[in-house]
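Novice: here's a sequence, model it:
(one chain, ligands or ions: 1)
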Amino acid sequence: QIVYLNGDFLPIEEARVPVLDRGFIFGDGVYEVVPVYGGRPFRWAQHLARLERSLAKVGIANPLDTAGWTTLVDMLVARHPWPDQFVYMQVTRGVARRDHAFPKGVAPTVFAMTSEFPPVAPALLASGVSAISLPDERWLHCDIKSTSLLGNVMARQKAVEAGAAECVMFRDGFLTEGSASNIWVVRKGTVFGPPRDNLVLEGIRYGLMAELCERAGLPMELRRIVHAEVLAADELLLTSATKEVLAITELDGKPVGSGKPGPIWNRLHEAYQQARTA
Ligand code: PLP
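Specialist: Model prediction:
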């Protein structure tokens, strides 16, 4: 496996970052995960735009322009044999003596790697996944795709310890998102999602879901969603770059709707597969 680090392509075992990198010391960085189908990054412009927004929000200058990122990712992907991959890109504020305030004149650390993206397991598609409800205990800048993921990591671990695949988080009683996914509620044929605000990471699949719903003639509405509405959902869905769109068929040990992936999931999943290859 070859990775990119600060201008070089090298074997992952040889890639080294100094211990004073602020990514290591403070989690002071941002990242992206981009699916690549048949060698082509999917929704590339949107991922780059989100990276740009995350960088701007934390005050790190974008180290590369669009052409630079595109060339980097194309070269990385071309060095691996897998037809489908997902690329991880990370920018940290760089290496400096430990001090909370931003250092001056420091070059950001730029890292990228790619992994094989096997098709989502048929068993997951057939049965859906289970989730648990949790209070959202993270900070108030969840719109930044930050590498500071301790809140997400702890939430996911609680889900795993409860035998579930993901958590569905609530802040002040309102649905936010999963530990690494956006959550959608289907009720009476309408797809509901939480508003795009500082309490959720706006997945690239937010825009995609809007397109897929429109194409499928399904109404979609973004608004605040209370816990009772999630419990009463006909279907519950999660989306992410690597999970695409999955049905959550069990929440807190109880079946969601019929307890099987539902018809709306089915339509959206099919539409997703078409969009992937379009
Ligand atoms: N919310 C969180 C916290 C995430 O980590 C992710 C990414 O996996 C998402 C939502 C979904 O975003 P995307 O659709 O861009 O993968």
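Novice: domain assignment for the chain?
Specialist: According to automatic domain parsing, the chain is divided into the following domains: 2-116, 122-277.
Novice: and the ligand, which of the ones you listed is closest to it?
Specialist: Of all these, the one in closest proximity to the ligand, counting by C-beta to the nearest ligand atom, is domain 122-277 (2.7 Å). (C-beta placed from N, C-alpha, C; glycine too.)
Novice: pipe the domains of the chain into a markdown table and attach mean neighbour count per row.
Specialist: Written out in a markdown table, the entries for these read as follows (neighbours: other C-beta atoms under 10 Å):
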| stretch | mean neighbour count |
| --- | --- |
| domain 2-116 | 16 |
| domain 122-277 | 18 |
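Novice: would TSV of these with distance to the ligand be doable?
Specialist: As requested, the domains of the chain are arranged in TSV below (distance: least, C-beta to the nearest ligand atom, whole Å):
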stretch	distance to the ligand
domain 2-116	6
domain 122-277	3
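Novice: can you put these in a markdown table and add mean pLDDT?
Specialist: As requested, these are arranged in a markdown table below (pLDDT from 0 to 100):
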| stretch | mean pLDDT |
| --- | --- |
| domain 2-116 | 98 |
| domain 122-277 | 97 |
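Novice: now the helices for this structure?
Specialist: 22-26, 44-58, 66-78, 122-127, 150-161, 204-215, 227-231, 263-277 (DSSP state H).
Novice: strands of the stretch 1-150 of the chain, residue ranges please.
Specialist: Taking DSSP state E, counting those that start in this stretch as the test, the strands found in the stretch 1-150 of the chain are 2-5, 8-11, 29-37, 40-41, 84-92, 109-116, 129-135.
Novice: would TSV of these with distance to residue 234 be doable?
Specialist: What follows is these, written out as TSV (distance: least, C-beta to C-beta, whole Å):
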stretch	distance to residue 234
strand 2-5	43
strand 8-11	48
strand 29-37	28
strand 40-41	34
strand 84-92	30
strand 109-116	34
strand 129-135	16
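Novice: to residue 160, which of these lies closest?
Specialist: With respect to residue 160, and counting by C-beta to C-beta, the nearest of the strands of the stretch 1-150 of the chain is strand 129-135 at 9.8 Å.
Novice: how about residue 256, phi and psi?
Specialist: Listed backbone geometry of residue 256 is phi -90, psi 120, with angles given as degrees, to the nearest 10.
Novice: so what's it up against?
Specialist: In this structure, residue 256 makes contact with 128, 233, 235, 236, 247, 248, 249, 250, judged by C-beta atoms under 8 Å, 6 or more residues apart in numbering.
Novice: repeat for residue 57
Specialist: Residues counted as contacts of residue 57 (C-beta under 8 Å, 6+ apart) are 141, 143, 144.
Novice: just residue 246 next, same as before
Specialist: For residue 246, the contacting residues are 120, 124, 125, 128, 129, 237, 238, 239, 265, taking C-beta under 8 Å, 6+ apart as the criterion.
Novice: and what of residue 173?
Specialist: Under the criterion of C-beta under 8 Å, 6+ apart, the contact partners of residue 173 comprise 226, 227.
Novice: same check on residue 109?
Specialist: 5, 6, 17, 21, 23, 29, 90, 91, 92, 93, 94, 95.
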